[in-house]
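# predicted model and sequence below, questions to follow.
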Amino acid sequence: MSVDIGTQTTMKKIIDNFISNEEAETLKNYIFDNELRVKALGPDNYQGTPADSLTGRWDKLNWLTEKVVGDILLPKLNKLLPPHHITMWANIFRKGEYIIPHGHGPCSITGNLYLGGPEGSETNYIDGPVTNKVGTMVLFDPEILHWVNPNETNTPRVSMAFDAVDNNPGRTFIPLGTHSIKHGTGLGI
């Protein structure tokens, strides 16, 4: 099953208030509190961000296996994307940090959940920017080029991103539609 994200002219679906401001604040704080732990899981292996980025550990931990994150997001994602398998990672872009234009590998759908940052922050897509709003989820085709310009403020920009696939490719993907997630393992079931 693939999610309908619109025609080639729209290329993305924006879901305002996917999570509440309170939930976004809880997730943002949890990411800050666990950033060093996740960075210690292995080296930054993504060349599209400045060195030692949290984004560069996208393949080290599926944040949905963390109880705080899973309790908030799994029920919502189960309704939105079943029966997909999903992997989710966190992004923090501090002053001067960014991510270059990129697409995602073979998957059914990609998403970005904005948790907080500078006023007027945007995520750029090949068909135009989206002004970020706390708690908003943007779903889009994984082939769409997207990026974040350098953060020019002292306020960190925090988001979570995910890839969803129809069949389990292994690694840190977990199945939606189940309640057997082993929290804290990083690998799901």
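Received the coordinates, thanks.
# and the most centrally placed residue in the chain, what element?
With distances taken as Cα atoms, centre = their mean, the residue of the chain nearest its centroid is A161 (1.0 Å). If you go by DSSP states H and E, A161 is part of strand 157-165.
# partners of that strand in the sheet?
According to DSSP bridges, strand 157-165 has the following sheet partners: strand 85-93 (antiparallel), strand 109-116 (antiparallel).
# so what's the gap between the lengthiest helix in the chain and the chain middle?
In terms of residue count, the longest helix belonging to the chain (DSSP state H) is helix 21-39. A distance of 13 Å separates the centroid of the chain from that of helix 21-39, by Cα atoms, centre = their mean, to the nearest Å.
# which stretches in this structure count as helices?
For the chain, the helices defined by DSSP H occupy 21-39, 67-80.
# now the strands paired with strand 157-165 in TSV, with distance to V134?
For every residue, glycine as well, the C-beta is placed using N, CA and C. Shown next, in TSV, are the strands paired with strand 157-165 (distance: least, Cβ to Cβ, whole Å):
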stretch	distance to V134
strand 85-93	15
strand 109-116	6
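# can I get the ones you listed in CSV including mean neighbour count and distance to N132?
Compiled in CSV, the strands paired with strand 157-165 are given as follows (neighbours: other Cβ atoms under 10 Å; distance: least, Cβ to Cβ, whole Å):
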stretch, mean neighbour count, distance to N132
strand 85-93, 24, 11
strand 109-116, 24, 4
